[in-house]
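Participant: Let's see this in three dimensions:
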Amino acid sequence: MERTERQEIKEKIQAAIATTEKDIVSLEDLTRPIAPDNAIGRLSRMEAIGNKSINEAALRTARHKLVKLKYALTNIDKPDFGTCMECGEQIPLARIMIMPESHLCVECAD
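Facilitator: Residues are numbered from 1 along each chain as shown. Alright, predicted model coming up:
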């Protein structure tokens, strides 16, 4: 992998980290407890609880992605960056640009 490609990936990872951190802040706000004395009606309260569960799942996913992105950023200058951890083949640049946190090629990820 060339130096310019690594720099481009690094910038992509940094942008993804910033976006994910903003998403986490928003999701944390949406997952606050719903007060039982909130007079929004039975169905509306059930919808709010359902939405809260969906947002909690999204928050877990975002936090996991952030960890993987930060890990990728710390390893980007290592010689084996972009190598599939399963088969040892080079991960295509297009996949790394779409999912910079990926550590498996498409075939191994299946």
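
Participant: What helix or strand is the spatially most central residue of the chain located in?
Facilitator: In the chain, the centroid-proximal residue (CA atoms, centre = their mean) is Lys65; its distance is 2.6 Å. Secondary structure assignment for Lys65, by DSSP states H and E: helix 42-75.

Participant: Give the buried residues for that helix.
Facilitator: Neighbour counts over helix 42-75 (16 or more other CB atoms under 10 Å) mark Asn55, Ala58, Leu59, Ala62, Lys65, Leu66, Lys68, Leu69, Ala72, Leu73 as buried. Where you see a C-beta, it was placed from the backbone N, CA and C, and this is true even at glycine.

Participant: Out of these, which comes closest to Ile9?
Facilitator: Ranking the buried residues of helix 42-75 by separation from Ile9, with CB to CB as the measure, puts Ala72 on top at 8.3 Å.

Participant: From Thr20, how far out is the closest one?
Facilitator: 12 Å (CB to CB, to the nearest Å).

Participant: same for the helix holding Lys65, what does it pack against?
Facilitator: Here helix 42-75 touches helix 3-30, going by 3 or more CB pairs under 8 Å, 6 or more residues apart in numbering; DSSP states H and E.

Participant: quick one: the helix it packs on to helix 42-75, angle?
Facilitator: Interaxial angle of helix 3-30 relative to helix 42-75 (axes from the mean of the first three to the mean of the last three CA atoms, to 10 degrees): 150 degrees.

Participant: ok, Ile9 touching Glu101?
Facilitator: No - using CB atoms under 8 Å, Ile9 is not in contact with Glu101, being 10.7 Å away.

Participant: rewinding a little: dump the residue contacts of the nearest residue to the residue nearest to the centre of the chain once chain neighbours are set aside.
Facilitator: Excluding its sequence neighbours, the residue lying closest to Lys65 (CB to CB, 6 or more residues apart in numbering) is Thr20, at 5.6 Å. With contact set as CB atoms under 8 Å, 6 or more residues apart in numbering, Thr20 has these partners: Ala62, Lys65, Leu66, Leu69.
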